[in-house]
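Visitor: Generate coordinates for the sequence data below:
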Amino acid sequence: MLLLSVALCVLLGVAHTVAEPGDIVQYENCAVLSSRFNFTLSWSIIGDSIFFKTSANAGGYISFGFTGTSEVPKRTTPMYSTNVGLRFGDAYVIGYLTSGPSTYQCYYGCVLDIYMKSGPPNVIAQDNISDARNVSVTFDASTKLMGAQFSRLLNTNQPTQDYPFNLTAPMIVQWAVSKVNAPNGTIANIPKHSTYNAARGEDPTYGTVNINFGLPSSCVKDTTPSLGGYTSPNGDFTASWVPTADGKAINITMSALTLGYVSLGLSATGPFMKANSDTFVGWVVNGSCFLLDQISTSYAIPATDTQNDLTIISCSEAAGRTTLTFTRLLVTGDTNDTAISNSDLFMLWAYGPNDGNKSTYAKHTAFGSSIVNFLGTKNSSNTTSSSSLPLANNSATFPITTTIPQYASTTGNFSAWWTIDPVNNSITLTLVGRTSGWVSIGFSSTQFMSPSDMVVGWVSDTNGAVTLIDSWSPDYDQPRADTALNGTSDTVLVLASQRAGNTTLVFTRPLSTRDVYDINITSQPLYLTYALGASDGFGDIYAKHYEVGAALINFSVTNGSAIYIPPTPSSPDTNATNAMNISSALANSTPKYVSPNNDFKVWWSVNTSDASIQFTMWAAAAGWLSLGFGQTDLMTNADVYVVSYVCCVVLCGVLCVC
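Guide: Model prediction:
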């Protein structure tokens, strides 16, 4: 970060003029350095020079500097670099002194050209030759707006003090602001930039932004066409996109609530990693952008594409979020890339808590998917014509929903009612999901997705057409329609609606069918599973769920009702209690590992006398826990222990209390 200890006014060779109104050139590009301080940087390239205009509501001096992405020191050495003699190619400090005379006659404002040498200790010094030309500085005391215009050569031929501009790759722009100016024109009396406390929610007073000065940039968001954008249900991931003016490329911005990596994938075949997903993965290290063009054909780490079709525009880490903006052609000609056209695509997203390393990175901690149209309005069109699909009745009433549901999720986002007709051997179910996307219900002998008999449905956002799919889930990919497996569709839609953010589906199915891809509903308990998706599907394909749940249900075929069976409390177990006592000392100590969301903790203690290790696990869950060991962060080829006892379980090399 730019820790300034330099003079703000004119020393030998510092350019200064009386501030004049109006722009000295027409500025074609602009980037926001800090939205909190309205800190913007505009520029135009004319001949062999670059012209700058900058301003910020700081109250004191403002500053910005440049360096290249390959010369950034590690986070542990924020002030200097040991492998180069230059920290900032050029840092410009802009100040305005309202009282005088000062030692160096800087009455009207100045732009100080400085550079930083390697250390420790770091050395900040004034350039031997100031490269700031055509300088104009302004300060509005009422708004505390400090501003300046000046120009410099793209390449000053001063490699030890200036950094040449590379118009083909991003450069790191570091910025800082101060609420106070210098008391006089001596280097020792120039204050450090203002500080902030992130824990108290204070806004940063310094930071970094990556800018490619050779690409067009605007501080005004282009709302034509915004084409929607995407925000995850929890708001932890966002994506936006704008086609370029020539209609040949698209600028994509992806942002996630992490200081690790962010990824976005495109697929025309399904919302899964293995569905030939064209994947973009990026992270930021000390202001440097890292972006990979990859292809995913399995659930392992995607492979790096041999042809890189991505160009970084900018990246940043701010307020706990990582954001990257890049551009790519709509049609790249690369067989590993998904072409972008005016049609629906599956968009997959994920992020992890740590930065990557070259072409590898750890398993994601959050992920999701949606259906988007990057060049128009999302169609969510079905393979069948809309005229052949039933339409929702959004004004319909559902009297049964005024009664207590036979099942309601703990989140309050899903409810189910049903009535059984033993004469006609059928059951009618009413499902209400708090979503404008898809809703599903499943029947299974286990509480897991596979194997499971599922019914999935949604109401089209565009034309109100209702899709209802009788499905079978043989694995953990998207369930398949029964008809696609040569089975039969045994559900009959009764009514559907979508209003006030809720989707309601009413359908009937036989209690017993002759379809091998259905599970018969009898008086024996079955697990009822449910899932919710954030968006509609198209055809029989839809994006991954964002919420799931399960409960054991006893459907009674004799009295037309059903009984919810809560989990049976377990009696105290002496062995488990002893295990808890054994591990209590560990549990009261600092965990050896804590998950990023603080919902899983592990302690361990090694016993050298018998060559064993004791583990204590804790999780914010009432179900099962697992702990695994492997050479990679993948599930494959891992040594995994799974426990389902609701207590703190001790593992002694092998599972000894469960």
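
Visitor: When you work out contacts or count neighbours from here on, use the C-alpha atoms and nothing else.
Guide: Noted.

Visitor: How many neighbouring residues does the closest residue to residue 49 other than its chain neighbours have?
Guide: In this structure, residue 49 finds its nearest non-sequential neighbour in residue 153, 4.2 Å apart by CA to CA, 6 or more residues apart in numbering. Neighbour count of residue 153, defined by other CA atoms under 10 Å: 18.

Visitor: Poorly predicted segments of the stretch 501-650 of the chain, please.
Guide: Applying pLDDT under 70 to the stretch 501-650 of the chain flags the ranges 556-588, 597, 621-623, 633-634, 636, 644-650.

Visitor: In it, what residue spans correspond to strands?
Guide: Along the stretch 501-650 of the chain, counting by DSSP state E, counting those that start in this stretch, strands occupy 502-510, 525-532, 547-555, 562-564, 593-594, 600-607, 612-619, 625-629, 639-643, 650-652.

Visitor: got the contact list for the second one?
Guide: Put plainly, it is strand 525-532. 414, 433, 435, 437-449, 545-555 (CA atoms under 8 Å, 6 or more residues apart in numbering).

Visitor: 7 Å instead, please
Guide: Strand 525-532 has contacts (CA atoms under 7 Å, 6 or more residues apart in numbering) with 433, 438-447, 545-555.

Visitor: quick one: the helices in this protein?
Guide: 574-587 (DSSP state H).

Visitor: What is the least confident helix or strand in it?
Guide: strand 654-655 (a mean of 33; mean pLDDT, DSSP states H and E).

Visitor: What's the local residue count around the nearest residue to residue 206 once chain neighbours are set aside?
Guide: Spatial nearest neighbour of residue 206, excluding adjacent residues (CA to CA, 6+ apart): residue 176 at 4.1 Å. By the criterion of other CA under 10 Å, residue 176 has 27 neighbours.

Visitor: okay, and for the stretch 101-250 of the chain, where does confidence drop off?
Guide: In the stretch 101-250 of the chain, residues with pLDDT under 70: 101-110, 115-125, 180-192, 196-203, 220-228, 234.

Visitor: which residue is nearest the middle of this structure?
Guide: Nearest to the geometric centre of the chain sits residue 256, at 2.3 Å (CA atoms, centre = their mean).

Visitor: does it really touch residue 232, like I thought?
Guide: No - under the criterion of CA atoms under 7 Å, residue 256 makes no contact with residue 232, lying 9.6 Å away.

Visitor: which neighbours do those two share?
Guide: Listed as contacting both residue 256 and residue 232 by CA under 7 Å, 6+ apart are residue 238.

Visitor: Show me the shaky parts of the stretch 251-400 of the chain.
Guide: Looking along the stretch 251-400 of the chain with the criterion set at pLDDT under 70, you get 270-275, 377-389.

Visitor: All the strands of it, residue numbers only.
Guide: Using DSSP E, counting those that start in this stretch, strands in the stretch 251-400 of the chain cover 262-267, 277-285, 288-296, 303-304, 311-318, 321-329, 345-351, 366-372.

Visitor: For residue 473, give me its contacts.
Guide: 449-453, 479-480.

Visitor: one more time with 10 Å
Guide: Residue 473 is in contact with 442, 444, 448-454, 479-482, 517, counting by CA atoms under 10 Å, 6 or more residues apart in numbering.

Visitor: Residue 365 now?
Guide: Residue 365 neighbours (CA under 10 Å, 6+ apart): 258, 350-353, 595-597.

Visitor: Next: residue 595.
Guide: If you count contacts by CA under 10 Å, 6+ apart, then residue 595 has 353, 365, 601-602, 619 around it.

Visitor: Now render the residues you listed as JSON lines, adding distance to residue 45.
Guide: Shown next, in JSON lines, are the contacts of residue 595 (distance: CA to CA, whole Å):
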{"residue": "353", "distance to residue 45": "38"}
{"residue": "365", "distance to residue 45": "43"}
{"residue": "601", "distance to residue 45": "54"}
{"residue": "602", "distance to residue 45": "56"}
{"residue": "619", "distance to residue 45": "56"}
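
Visitor: Please pick the buried ones from the residues you listed.
Guide: If you count burial by 16 or more other CA atoms under 10 Å, the buried members of the contacts of residue 595 come out as 353, 601-602, 619.

Visitor: Of those, which is the nearest to residue 462?
Guide: residue 353 (36.9 Å; CA to CA).

Visitor: Once you drop chain neighbours, what's closest to that closest one?
Guide: Closest to residue 353 by CA to CA, 6+ apart is residue 260, at 4.5 Å.

Visitor: Number of residues surrounding the one you found?
Guide: Number of residues near residue 260 (other CA under 10 Å) recorded here: 23.

Visitor: How much space separates it from residue 365?
Guide: Separation of residue 260 from residue 365 (CA to CA, to the nearest Å): 10 Å.

Visitor: intersection of neighbour lists for the two?
Guide: Common neighbours of residue 260 and residue 365 (CA under 10 Å, 6+ apart) are 351-353.

Visitor: what's the closest of those residues to residue 62?
Guide: residue 353 (32.2 Å).

Visitor: is it true that residue 242 touches residue 375?
Guide: Yes - counting by CA atoms under 10 Å, residue 242 does reach residue 375; the two are 8.5 Å apart.

Visitor: Show me how far stretch 46-54 is from its chain's centre.
Guide: 35 Å (CA atoms, centre = their mean, to the nearest Å).

Visitor: Any buried residues in that stretch, and which?
Guide: 50-54.

Visitor: quick one: average pLDDT of that stretch?
Guide: Average pLDDT, stretch 46-54: 90.

Visitor: from memory the residue nearest to residue 353 sits against residue 285, does it?
Guide: Yes - using CA under 10 Å, residue 260 is in contact with residue 285, at 9.0 Å.

Visitor: Around residue 320, how many other residues sit close by?
Guide: By other CA under 10 Å, neighbour count at residue 320 equals 12.

Visitor: Tell me who's in contact with it.
Guide: 198, 256-260.

Visitor: same thing but at 8 Å, please
Guide: 257-259.

Visitor: So it versus residue 258, what's the distance?
Guide: From residue 320 to residue 258 the distance is 6 Å (CA to CA).

Visitor: How about residue 464?
Guide: According to CA to CA, residue 464 and residue 258 sit 37 Å apart.

Visitor: Comparing those two, which shows the higher neighbour count?
Guide: Neighbour count, other CA under 10 Å: between residue 464 and residue 258, residue 258 has more, with 24 against 19.

Visitor: if we can go back for a sec, list residues touching both of residue 260 and residue 285?
Guide: In contact with both residue 260 and residue 285: residue 355, using CA under 8 Å, 6+ apart.
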